[in-house]
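# need coordinates for the below:
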Amino acid sequence: MRNPTSTLLVLVLVAILLASSASHGEAPRGLTIAQVKYRGGGDWYANPTALPNLLSALRERTEIEVAERPLTVSLDDEELYLYPILHMTGHGKISLSDQEAANLRAYLERGGFLWADDNYGMDRAFRAEMRKVFPDDPLVELPFDHGIYRSFYEFSDGLPKIHEHDGGPPHGYGIFHDGRLVVFYSFNTDIGDGMEDAEVHEDPPEKREAALRMGVNVVVYALSN
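Below you'll find the model as predicted:
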């Protein structure tokens with residue numbers, strides 16, 4: 001386990017850079033994660049207790065200053081640039097307009113980070129929309145020794161398996177742009193379900209703990225790379 005004290009300076013710098021790109025609005029106090037509200041029919045609002053629980057875990061386990069709650073943002077909002085980390089989930093179709101795809105690309109090029117977690121059923125649409133955002137930068141599977149699997153907790157076998165969907169092991173994919181991982185996509189595991197309140201899915205404690213640890217890893221990695 002790594003002490004992420006050094007990530008605090010990175011967080012401050014990233015937040016300042018992103019906020020300077022917005023024409024209005026005020027950055028939240030402390031780190032928050034913005035849930036992406038998208039069109040197309042998919043339930044972008046799925047797993048409502050997952051991000052609050054992740055923020056609580058970050059507050060309790062790290063030295064990162066964390067806001068009280070996550071926020072929601074659309075890809076055509078100017079406030080997009082106030083948030084260092086975006087989260088996207090759902091079960092169905094995702095549809096981005098050409099302008100939204102361009103906005104997301106600009107956000108990521110300026111230092112932002114997107115974590116997409118398939119809640120079962122968004123895979124085909126998500127891949128298609130990412131090709132609109134980065135047509136020359138494909139989703140590639142990350143090796144188990146990638147830094148996202150050891151940024152705070154050690155996951156020597158890659159993503160933990162939380163829920164069964166399509167059979168087989170979970171997969172962690174990424175999009176690299178100019179050498180930096182800008183999109184992380186967790187597939188066939190459903191980390192978000194595992195981070196929800198215990199009574200929602202009745203997952204055993206070890207599954208919920210594994211999901212929260214992986215969520216912490218994603219945030220710490222995003223802030224320090």
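# pretty sure residue 158 contacts residue 170?
Yes. Residue 158 is within contact range of residue 170, at 6.9 Å (criterion: Cβ atoms under 8 Å). Where C-beta positions appear, they are placed from N, C-alpha and C, glycine not excepted.
# so which residues of this protein form helices?
5-20, 50-61, 98-109, 123-133, 191-195, 198-201, 205-224 (DSSP state H).
# and the most centrally placed residue in the chain, what are its bridge partners?
For the chain, the residue nearest the mean C-alpha position is residue 115 (2.3 Å; Cα atoms, centre = their mean). Applying DSSP bridges to residue 115 yields these beta-bridge partners: residue 87, residue 184.
# what's the spacing between it and residue 224?
Using Cβ to Cβ, to the nearest Å, we find residue 115 at a distance of 14 Å from residue 224.
# what do you get for residue 144?
The gap separating residue 144 from residue 224 is 19 Å, by Cβ to Cβ.
# ok, residue 194 next?
Distance of residue 194 to residue 224, given as Cβ to Cβ: 23 Å.
# mind listing what residue 107 touches?
Applying Cβ atoms under 8 Å, 6 or more residues apart in numbering to residue 107 gives the contacts 18, 75, 80, 81, 86.
# can you list the weak-confidence ranges in this structure?
In the prediction, the chain carries residues with pLDDT under 70 at positions 1-28.
# hang on, the earlier thing: between residue 194 and residue 224, which one's more packed in?
residue 194 (29 against 18; other Cβ atoms under 10 Å).
# please report how far the nearest residue to the more buried one once chain neighbours are set aside lies from residue 115.
Of all residues not flanking residue 194 in the chain, residue 211 sits nearest, at 2.6 Å (Cβ to Cβ, 6 or more residues apart in numbering). Separation of residue 211 from residue 115 (Cβ to Cβ): 13 Å.
# kindly report the same for residue 137.
Here residue 137 is placed at a distance of 17 Å from residue 115 (Cβ to Cβ).
# cool, residue 58 as well?
13 Å.
# do the same with residue 51
Counting by Cβ to Cβ, the gap from residue 51 to residue 115 is 10 Å.
# overlap in contacts of the two?
Common neighbours of residue 51 and residue 115 (criterion: Cβ under 8 Å, 6+ apart): residue 87.
# contacting residues around the nearest residue to residue 108 once chain neighbours are set aside?
Excluding its sequence neighbours, the residue lying closest to residue 108 (Cβ to Cβ, 6+ apart) is residue 182, at 4.2 Å. Residues in contact with residue 182 (Cβ under 8 Å, 6+ apart) are 108, 109, 112, 113, 114, 134, 175, 176.
# and residue 122, by the same measure?
Counting by Cβ under 8 Å, 6+ apart, residue 122 makes contact with 42, 89, 90, 91, 92, 93, 94, 116.
# and for the second one, the neighbour number?
I take that to be residue 89. For residue 89, using other Cβ under 10 Å, the count is 28.
# which residues does the nearest residue to residue 189 once chain neighbours are set aside contact?
Sequence neighbours aside, residue 170 is the residue nearest to residue 189 in space, at 3.4 Å (criterion: Cβ to Cβ, 6+ apart). Contact analysis of residue 170 by Cβ under 8 Å, 6+ apart lists 158, 159, 160, 161, 162, 186, 187, 188, 189.
# picking that back up, the residue nearest to the centre of the chain: what's it in contact with?
Neighbours of residue 115 in contact, by Cβ under 8 Å, 6+ apart: 85, 86, 87, 88, 183, 184, 185, 186, 218, 222.
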